[in-house]
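Q: Predicted model and sequence follow; I will ask about them next.
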Amino acid sequence: MAIVTAENLAKSYPVALKDPGLAGTLRHFLARKYKQIEAVQGVTFQIAPGEIVGFLGPNGAGKTTTLKMLTGLIHPTAGRVEVAGHVPFRRESDFLKKITLVMGNKQQLIWDLPAADSFAINGAVYEIPDAELKKRIGELAEMLGLGGKLTQPVRKLSLGERMKAELLAALLHRPQVLFLDEPTLGLDVNAQMAVRDFLREYNRRYGATILLTSHYMADITALAERVMLIHQGSLIYDGGLQGLLERFAPYREVRLELERPVSREALERHGEVAELDAHQARLLLRREVLVEKVAQLLSELPVADLEVREPPVEEVIGRVFESGAKVETASSH
Ligand SMILES: Nc1ncnc2c1ncn2[C@@H]1O[C@H](COP(=O)(O)OP(=O)(O)OP(=O)(O)O)[C@@H](O)[C@H]1O
């Protein structure tokens, strides 16, 4: 049974069109003209309880719009959406108790008050008994390594501490489904790792379902086994990270250490040269010829060492989005 279902979910925004100049402005007031921006164009997916899914796409692809429809902040133009047994747009209180939305670029904590005061407000909003609230704050603060920071005004916290406190506030009502939009935005590498570890542990401990977007590929590879790629409002891939590599990167990267320099032409006979200097080279070889080509490289070139790797996933995804290729909707999940 899915906990999140989206079926042909679509959203278009009307955007006002205005001719340039004063006359255009006047005309615009008299007879407004609009065009529709198709931000999300018929997206279909399901997420099972307890899954962690990475939601990836370039700027403007439709990620935030999708998350807003899943959390009921905006009404879909078409399609069906159901989350934890509710129609999100109705924003029923039972629904709001089951979900949370964290946006890395928005904050809910009150700037001049200690985070603990904001937690008390959340406790009242979600009707959490005092003793239970205290217990949950203690538990989450420990998981996040936030002890001692909660009585200082939020404005005195570092960015990483603030994000952790935001997460704590967003999870006090113990939601089953977490929608996280760039939860590590702007954080340094250590803070990113701490947030990641926390989310993994939270998922494990409470069986929570997590859908997250991030520009940091490391967040996705560390947390999500499944990724959904959205491009220009359409899902172009939904499946495992491994499957993504197989589908979009039908090649392997071969790193060579060379006993002496070889010419680029000598290497190009075997595959695409990604990098070459006096004692090292990086070649891209199609998977189906890999074994045969590696044997040739070893026999024909002064190879001191050779290593075969999968291409880095961020490079593969970067290529997919750059090429803008229309890929058939995947259903490998
Ligand atoms: N309120 C709005 N009115 C008009 N157009 C909008 C509105 N919100 C988003 N859009 C447009 O819809 C498209 C999708 O935007 P969305 O914010 O969902 O993308 P995104 O994938 O979250 O991008 P980013 O990674 O930059 O946050 C964009 O073309 C954007 O300009």
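A: Structure received.

Q: Around the ligand, pick out the residues from this protein.
A: 13, 15, 37, 39, 57, 59-65 (CB under 6 Å from any ligand atom). Just so you know, the C-beta spots here come from the backbone N, C-alpha and C atoms, and that holds for glycine as well.

Q: Distance from stretch 305-319 to the middle of the chain?
A: Here stretch 305-319 is found 20 Å from its chain centre; the criterion is CA atoms, centre = their mean, to the nearest Å.

Q: Enumerate the positions of it that are buried.
A: For stretch 305-319, burial by neighbour count (16 or more other CB atoms under 10 Å) applies to 306, 311, 313, 316-317.

Q: could the residues you listed go into TSV alongside distance to Gly145 and secondary structure?
A: What follows is those, written out as TSV (distance: CB to CB, whole Å; DSSP: H, G, I helix; E, B strand; the rest coil):
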residue	distance to Gly145	secondary structure
Leu306	43	strand
Pro311	35	coil
Val313	28	helix
Val316	33	helix
Ile317	31	helix
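
Q: Closest one of those to the ligand?
A: Nearest to the ligand, judged by CB to the nearest ligand atom, of the buried residues of stretch 305-319 is Ile317 at 13.4 Å.

Q: So what's the residue count around the closest residue to that closest one other than its chain neighbours?
A: Spatially, and ignoring its direct neighbours in sequence, Ile317 is nearest to Leu56 (6.3 Å; CB to CB, 6 or more residues apart in numbering). Applying other CB atoms under 10 Å, we find 25 other residues in the vicinity of Leu56.

Q: residues touching Leu56, list them.
A: Taking CB atoms under 8 Å, 6 or more residues apart in numbering as the criterion, Leu56 is in contact with 63, 213-214, 220, 227-230, 317.

Q: likewise Arg226?
A: Taking CB under 8 Å, 6+ apart as the contact definition, Arg226 lies against 51-54, 238-241, 333.

Q: what does the domain assignment say about this protein?
A: As recorded under automatic domain parsing, the domains making up the chain are 4-8+45-245, 252-309.

Q: winner for burial among those domains?
A: domain 4-8+45-245 (a mean of 18; mean count of other CB atoms under 10 Å).

Q: sorry, back to before: make CSV from the domains of the chain and add distance to Ala31 and mean pLDDT to it.
A: Supplementary listing: these in CSV, determined by distance: least, CB to CB, whole Å; pLDDT from 0 to 100:
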stretch, distance to Ala31, mean pLDDT
domain 4-8+45-245, 23, 93
domain 252-309, 56, 92
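
Q: Now render those domains as TSV, adding distance to Ala23.
A: Putting the domains of the chain into TSV (distance: least, CB to CB, whole Å) gives the following:
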stretch	distance to Ala23
domain 4-8+45-245	31
domain 252-309	55
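
Q: returning to what we had before: tell me what the residue nearest to Ile317 is bridged to.
A: The residues listed as beta-bridge partners of Leu56 by DSSP bridges are Leu229.

Q: Show me the helices in the stretch 151-300 of the chain, by range?
A: Applying DSSP state H, counting those that start in this stretch to the stretch 151-300 of the chain gives helices spanning 159-171, 189-206, 217-223, 241-248, 264-268, 290-300.

Q: element containing Thr66, please.
A: Element membership for Thr66, per DSSP states H and E: helix 63-70.

Q: Distance from the very next helix or strand once past that helix to the middle of the chain?
A: Using DSSP H and E, the helix or strand that follows helix 63-70 towards the C-terminus is strand 78-83. Average the C-alpha atoms of strand 78-83, do the same for its chain, and the two points are 20 Å apart (CA atoms, centre = their mean).

Q: show me the contacts for the residue positioned nearest the centre of the chain.
A: Per CA atoms, centre = their mean, the C-alpha nearest to the average position across the chain is that of Thr213, at 2.1 Å. With contacts defined as CB under 8 Å, 6+ apart, the neighbours of Thr213 are 54-57, 63-64, 67, 180-182.
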